[in-house]
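> Predicted model and sequence below, questions to follow.
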2 protein chains.
Amino acid sequence: MRWTTHRLHSAQPNRYKMKDPVNILKEHDLKHTKQRVRVLEEIALDHVAISQPELEKKLGKEIDRVTLYRILNTYEDKGILHRIMDMNGTANYAICSSSCSEHHHHDEHVHFNCTSCFKIYCLEVNIPKMKMPAGFTAKTMNTTAYGICEKCNGNPN
Amino acid sequence: MRWTTHRLHSAQPNRYKMKDPVNILKEHDLKHTKQRVRVLEEIALDHVAISQPELEKKLGKEIDRVTLYRILNTYEDKGILHRIMDMNGTANYAICSSSCSEHHHHDEHVHFNCTSCFKIYCLEVNIPKMKMPAGFTAKTMNTTAYGICEKCNGNPN
DNA sequence: CTTTAACTGCAATTTAATTGCATATCCTAT
DNA sequence: ATAGGATATGCAATTAAATTGCAGTTAAAG
């Protein structure tokens, strides 16, 4: 994989560029370890969210279960990764716009959970403002659409 | 608790009436057992979603863990209960509009997850239509707002 | 190069969820 | 009212997920 600091002009919509993992670590005052780099690489690879179990399956021989849990937690704390819960309560992780794109800081976007391949996409769709009832003050919003993704619509498994 | 077949004219907004548990069971061809009735009563009590662990704590002496799991699953399958995942991946259950109110079938509404008391409310706020990117076909939407609820805004713990 | 603070891996533990099976309960037909 | 069959429940055992403590290792600052 080649790392770039510019937005990709890719044929795939709704995708963001990915910074060099090493830079991401530096920016957040995290030590540079090979396990941390591997996790970032793996998550950045697909441009879709990946679940904890999947990650463990892919990295289980290189990284200890516990270490993986801890890395994911610190990444979430630092705002490097988003954690998205799927319908089963499984944690999915993605590098989302606020981290991936310098011009989209803190944007809240819609997630798309494919019910066929179970992948979770970060869409470039903003969550519309909604009026809360009196007394309720919302700080953040979270929206997930469930349906069939572009890939499964094209070639359903 | 008194069960009514009419919408409550309560002082509390965003609340729905609750049918007699026995009727709910009948309507869905489910056997009438005391465990099932108790679960419905308990969930209807607060007008907010309740988590599996909470339910287990409240009903653990009357109902076996496993039975509770199974009852919640069948209720979800039958469309009697909504399952809402909170930020921890814990299942929360609520009787939502489509079941509670005959005039609001299949409405998709916003959930409110209080970050202070962790209660989950079903709001009478509809999820706005959002345009999906080409290739993505959304079937259902799920929106949760995180913030402070009316109760915790009034008297924060 | 040395030293310190932080990270990793292993073992053990806790917690959550599922499965199989024997018993109990509901409900229909008589 | 009750007998019989289908379904639900409870218990025990199992599987899976997540957390904790600690010893050994590694990164990076001086």
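Here it is on my side, so go on.

> A:C117 is in what secondary structure piece?
Using DSSP states H and E, A:C117 sits within no helix or strand.

> swap in A:M130?
Counting by DSSP H and E, A:M130 is part of no helix or strand.

> Surely it is in contact with B:A145?
Yes - look at A:M130 against B:A145 with Cβ atoms under 8 Å: they come within range, at 7.4 Å. (Glycine included, C-beta is placed from N, CA and C.)

> which phi and psi does the nearest residue to A:D46 once chain neighbours are set aside have?
Ranked by Cβ to Cβ, 6 or more residues apart in numbering or on different chains and with sequence neighbours excluded, the top spatial neighbour of A:D46 is A:K119, at 7.9 Å. Main-chain torsions, A:K119, degrees, to the nearest 10: phi -70, psi 150.

> try A:E42
When read as degrees, to the nearest 10, the backbone of A:E42 gives phi -60, psi -40.

> measure it to chain B for me?
Separation of A:E42 from chain B (Cβ to the nearest Cβ, to the nearest Å): 21 Å.

> try A:P133
Distance of A:P133 to chain B, given as Cβ to the nearest Cβ: 5 Å.

> Now do that residue, the pLDDT please.
With respect to pLDDT, A:P133 has a value of 95.

> can you count the residues close to it?
15 (other Cβ atoms under 10 Å in any protein chain shown).

> which secondary structure element contains it?
Going by DSSP H and E, A:P133 is not in any helix or strand.

> I'd say it and B:E150 touch.
Yes - the criterion here is Cβ under 8 Å, and A:P133 meets it with B:E150 at 7.5 Å.

> Spit out the residues that contact those two alike.
The contact sets of A:P133 and B:E150 do not overlap (Cβ atoms under 8 Å, 6 or more residues apart in numbering or on different chains).

> which of A:M130 and B:A145 has more neighbours?
B:A145 (24 against 16).

> is it fair to say that one lies in a strand?
Yes - secondary structure of B:A145 (DSSP: H, G, I helix; E, B strand; the rest coil): part of a strand.

> Who is it paired with across the strands?
A:M141, B:F112 (DSSP bridges).

> Just the pLDDT at it, thanks.
Each residue has a pLDDT score; the one for B:A145 is 92.

> just A:S10 next, same as before
At A:S10, pLDDT is 34.

> Same question for A:E42.
92.

> wait, it sits on A:L55?
Yes - applying Cβ under 8 Å as the test, A:E42 and A:L55 come out as touching, 6.4 Å apart.

> what helix or strand does A:V22 sit in?
Using DSSP H and E, A:V22 falls in helix A:21-27.

> Which parts of chain A are helices?
For chain A, the helices defined by DSSP state H occupy A:21-27, A:34-45, A:52-59, A:65-78, A:97-100, A:150-154.

> okay, these, which one's buried deepest?
Highest mean neighbour count among the helices of chain A (mean count of other Cβ atoms under 10 Å in any protein chain shown): helix A:97-100, with a mean of 20.

> What backbone torsions are found at A:N88?
The phi/psi pair for A:N88 (degrees, to the nearest 10) is phi -90, psi 0.

> Tally up the residues packed near the residue nearest to A:D46, please.
20.

> From A:K58, how far out is it?
For A:K119, the distance to A:K58 (Cβ to Cβ, to the nearest Å) stands at 14 Å.

> shaky segments in chain A?
A:1-18, A:96-107, A:155-157 (pLDDT under 70).

> Work out which residue lies at the spatial centre of it.
For chain A, the residue nearest the mean C-alpha position is A:A94 (1.0 Å; Cα atoms, centre = their mean).
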